[in-house]
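In: Fold the following and give me the result.
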Amino acid sequence: MTAVEQTASAGPPAVSPRGPAGPAQRRSSGRLWRTPEPAPSGVARLFPRTVASRIRAMTATTAVLLVAMLAVGWWAIANAREGVRVIGHDAGPQVVATGDLYFQLTDMDAQLANALLIGAAPGGGRAQALARYNVNRQKAGDALLKAAKLADERTEDNTARDVLDALGRYERFAGQALLLDEQSGHASGPPSERVVKLYQQATDLMKLDLLPKAYNLTLDNGTLVRHTYEDKRSAVRAGRTWILATGVALLAVLAIFQLYLARRFRRLLNVPLAAATLITLAIVAIGATMLSSQASHLRKAKEEGFDSILALSRTRAISNSAAADETRFLLDPERADAYEQVYLSKSQTVLYLKAGNLTEYNAAVQKDLEFEPGRAPFLGFLGTEANRPTESDKRRAQLAEALSNVLKNYQKVQANDSQMRALVHGGKRDQAVAARGATAADFARYDQSLQELARVHQKAFDEAVDDGDGGTRGWYAVLPIAGIVIAGLVLIGVRPRLAEYRWSK
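Out: Predicted coordinates for the structure are as follows:
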């Protein structure tokens with residue numbers, strides 16, 4: 001049989017069960033081999049192709065979002081705590097201390113003027129004025145030491161030292177004026193020209209050196225409080241937004257994870273994943289609420305407490321300085337016109353009403369000063385206080401009542417001033433001096449009403465600081481513990497499914 005006949009009788013060539021050899025096959029030693037398929041490229045590589053890889057990818061995504069949520073929460077809490085520390089325990093109290101220092105310095109000068117005006121006549125009140133002068137000197141020294149102790153920058157420390165040095169020089173001039181007045185036997189009428197010159201040196205030092213430097217201490221720390229408040233409250237609110245964003249994303253991934261495992265492995269519920277989801281939901285909800293509360297506490301401490309306390313401290317100091325200008329008006333006739341104009345300027349700083357002179361101003365003050373909170377018809381420190389927003393209805397009523405009492409007493413103080421000046425302009429200076437002493441009780445009531453108003457704000461400030469301190473307490477432990485628990489529950493829920501998948505293969 002020929003080769004051709006043998007081929008024909010053998011029939012058609014055998015076909016490989018895998019089909020004809022194509023581009024994916026090649027023949028070697030009489031056999032067909034499949035060439036490896038090229039690996040997926042481009043976008044296909046970004047998506048897991050197997051169940052195990054998908055589970056691992058979702059687990060990794062869960063871990064990343066969990067870490068992000070905890071990190072954002074930690075950062076926001078740190079900012080909240082720092083804001084409360086600076087406003088409530090550091091720069092805030094320092095500003096209040098320097099504000100008190102400003103008042104005590106002005107009252108020292110006022111009592112020195114009173115002592116020199118009264119003279120050494122028995123029962124004239126000189127001893128009381130000097131006793132108050134010494135009390136204020138001691139309080140000013142204590143406030144200055146406190147301000148220096150709280151100073152955390154070299155410039156603040158240097159300013160505090162300069163104030164202390166200027167206070168020593170002021171006391172030297174004051175002591176010389178008092179000693180010379182006692183030696184001259186001044187009992188009534190204006191003191192001698194030499195005494196007045198020494199007092200002028202003392203009061204000029206107070207107004208041009210001591211008070212500006214004391215106010216610089218207040219401004220420096222007040223700026224720090226304002227910047228801290230703006231930065232930290234903004235950071236807390238941003239942290240609340242980010243913890244909600246990362247928390248919602250984490251909850252969405254956990255929900256998708258739960259549905260995928262239920263569908264792929266025919267399980268109704270993955271209990272550990274469900275527990276992790278509930279804990280995450282609780283952390284997000286409670287954390288966001290806590291941060292909202294912290295932002296509110298910072299706002300309350302700054303706007304309803306600190307700002308008003310500082311403003312009222314300045315109001316007391318300026319009012320007291322204006323009262324001292326009344327005494328200077330009587331003590332130093334040479335500068336009487338200047339003291340009268342300065343008194344008007346300070347009065348309008350406290351309560352601004354449009355007026356060209358003291359007569360017009362007093363007439364405007366004696367009119368009805370009733371107001372609705374937020375719609376006061378006057379400006380100045382008291383106008384700002386009347387228009388300051390307050391969330392609590394109860395506190396708003398307390399503030400309105402306290403401020404109305406301040407305004408009523410302020411009207412009396414201005415009426416007394418007008419009466420005193422009318423006596424001086426009528427040539428009855430001795431009667432004006434006597435009237436000035438008799439009206440001291442009215443000014444004391446006005447000053448006391450300012451302090452009562454400040455105490456309402458001090459209470460709001462203390463409550464906000466306490467709430468701020470307590471609001472973040474324990475969260476530095478809660479966050480890592482919650483993170484460990486959530487991560488552990490996810491792993492507990494995933495591992496059996498991976499094991500089950502490997503076993504089924």
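In: roughly how far is the longest helix seen in the chain from the heart of the chain?
Out: Ranked by number of residues, the top helix in the chain under DSSP state H is helix 211-265. Put simply, helix 211-265 sits 15 Å off its chain's centre (CA atoms, centre = their mean, to the nearest Å).
In: orientation of the helix or strand just after it relative to helix 211-265 in degrees?
Out: Note on helix 211-265: by DSSP states H and E, the next helix or strand toward the C-terminus is helix 271-299. Per axes from the mean of the first three to the mean of the last three CA atoms, to 10 degrees, the angle that helix 271-299 makes with helix 211-265 is 160 degrees.
In: Whatever helix or strand comes next after helix 271-299 packs against which elements?
Out: Counting by DSSP H and E, the next helix or strand C-terminal to helix 271-299 is helix 307-331. Judged by 3 or more CB pairs under 8 Å, 6 or more residues apart in numbering; DSSP states H and E, helix 307-331 is in contact with helix 91-118, helix 193-205, helix 336-350, helix 380-386, helix 393-425, helix 429-438, helix 440-471. Placement of C-beta: from N, CA and C, glycine included.
In: Rounded mean pLDDT for helix 307-331, please.
Out: The average pLDDT within helix 307-331 is 87.
In: Direction-wise, compare that helix with helix 393-425 and give the angle.
Out: 10 degrees.
In: in helix 307-331, what's buried?
Out: Buried residues in helix 307-331, counted by 16 or more other CB atoms under 10 Å: 307-331.
In: Likewise for stretch 404-424?
Out: Within stretch 404-424, the residues scored as buried using 16+ other CB under 10 Å are 404-407, 409-411, 413-414, 416-418, 420-421, 423-424.
In: cool, stretch 357-373 as well?
Out: 358, 361-362, 364-365, 369, 371, 373.
In: from what I can see Lys302 touches Ile87, true?
Out: Yes - Lys302 lies in contact with Ile87 (CB atoms under 8 Å); the separation is 5.9 Å.
In: Give me the more crowded residue out of those two.
Out: Taking neighbours as other CB atoms under 10 Å, Lys302 and Ile87 compare with Ile87 leading, 29 against 23.
In: distance of that one from Val96?
Out: From Ile87 across to Val96, the span is 11 Å (CB to CB, to the nearest Å).
In: Find residues that contact each of the two.
Out: Contact with both Ile87 and Val96 is made by residues Phe306, according to CB atoms under 8 Å, 6 or more residues apart in numbering.
In: tell me what the host helix or strand of Thr59 is packed against?
Out: Secondary structure assignment for Thr59, by DSSP H and E: helix 51-84. Contacts defined by 3+ CB pairs under 8 Å, 6+ apart place helix 51-84 against helix 211-265, helix 271-299, helix 440-471, helix 475-504.
In: Can you flag the weakest of these by average pLDDT?
Out: Mean pLDDT is lowest for helix 475-504 among the helices and strands packed on helix 51-84, at a mean of 81.
In: other SSEs contacting that helix?
Out: Helix 475-504 sits against helix 51-84, helix 211-265, helix 271-299, with contacts defined as 3+ CB pairs under 8 Å, 6+ apart.
In: and it, which residues are buried?
Out: Neighbour-count burial for helix 475-504, counted by 16+ other CB under 10 Å, picks out 475, 478-479, 482-483, 486-487, 489-490, 493-494, 497.
In: could I get those residues as JSON lines with distance to Gly73?
Out: Output for the buried residues of helix 475-504, formatted as JSON lines (distance: CB to CB, whole Å):
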{"residue": "Trp475", "distance to Gly73": "8"}
{"residue": "Val478", "distance to Gly73": "9"}
{"residue": "Leu479", "distance to Gly73": "6"}
{"residue": "Ala482", "distance to Gly73": "9"}
{"residue": "Gly483", "distance to Gly73": "10"}
{"residue": "Ile486", "distance to Gly73": "13"}
{"residue": "Ala487", "distance to Gly73": "15"}
{"residue": "Leu489", "distance to Gly73": "18"}
{"residue": "Val490", "distance to Gly73": "18"}
{"residue": "Gly493", "distance to Gly73": "23"}
{"residue": "Val494", "distance to Gly73": "24"}
{"residue": "Arg497", "distance to Gly73": "29"}
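In: Identify, from the residues you listed, the entry nearest to His457.
Out: Closest approach to His457 among the buried residues of helix 475-504 (CB to CB): Trp475, at 28.5 Å.
In: buried stuff in stretch 342-353?
Out: Buried, per 16+ other CB under 10 Å, within stretch 342-353: 342-344, 346-353.
In: just for the stretch 101-250 of the chain, where's the confidence low?
Out: 120-124, 147-153, 185-190 (pLDDT under 70).
In: can you do 80?
Out: Where the stretch 101-250 of the chain drops to pLDDT under 80, the residues are 118-125, 143-160, 184-191, 216-222, 224.
In: Same question for the stretch 301-450 of the chain.
Out: Counting by pLDDT under 80, the low-confidence segments of the stretch 301-450 of the chain come to 372-374, 389-394, 430, 433-438.
In: Which of the helices and strands packed on helix 51-84 sits closest to Val135?
Out: In terms of CB to CB, the element of these nearest to Val135 is helix 440-471, at 14.1 Å.
In: Show me what the closest one is packed against.
Out: Counting contacts by 3+ CB pairs under 8 Å, 6+ apart, helix 440-471 is packed against helix 51-84, helix 271-299, helix 307-331, helix 393-425.
In: burial of Arg299, as a residue count?
Out: By other CB under 10 Å, the residues close to Arg299 number 16.
In: Distance check, the residue nearest to it when sequence neighbours are not counted against Met420.
Out: Spatial nearest neighbour of Arg299, chain neighbours left out: Arg233 (6.6 Å); criterion: CB to CB, 6 or more residues apart in numbering. Using CB to CB, we find Arg233 at a distance of 47 Å from Met420.
In: again, but for Thr349
Out: 20 Å.
In: Next: Thr280.
Out: Relative to Met420, Thr280 is positioned 72 Å away (CB to CB).
In: Check Val96 too.
Out: Applying CB to CB to Val96 and Met420 gives a distance of 33 Å.
In: same question, Ala441
Out: Plainly put, Ala441 is 14 Å away from Met420 if you go by CB to CB.
In: before we move on, what about Leu344?
Out: From Leu344 to Met420 the distance is 14 Å (CB to CB).
In: now swap in Gly83 and tell me
Out: In this view, Gly83 and Met420 are 48 Å apart by CB to CB.
In: what angle sits between the longest helix of the chain and helix 91-118?
Out: Going by the same axes, to 10 degrees, helix 211-265 makes 160 degrees with helix 91-118.
In: Can you get me a residue count around Val195?
Out: Other residues within reach of Val195 by the criterion other CB under 10 Å amount to 22.
In: Right, I'll call it a day here.
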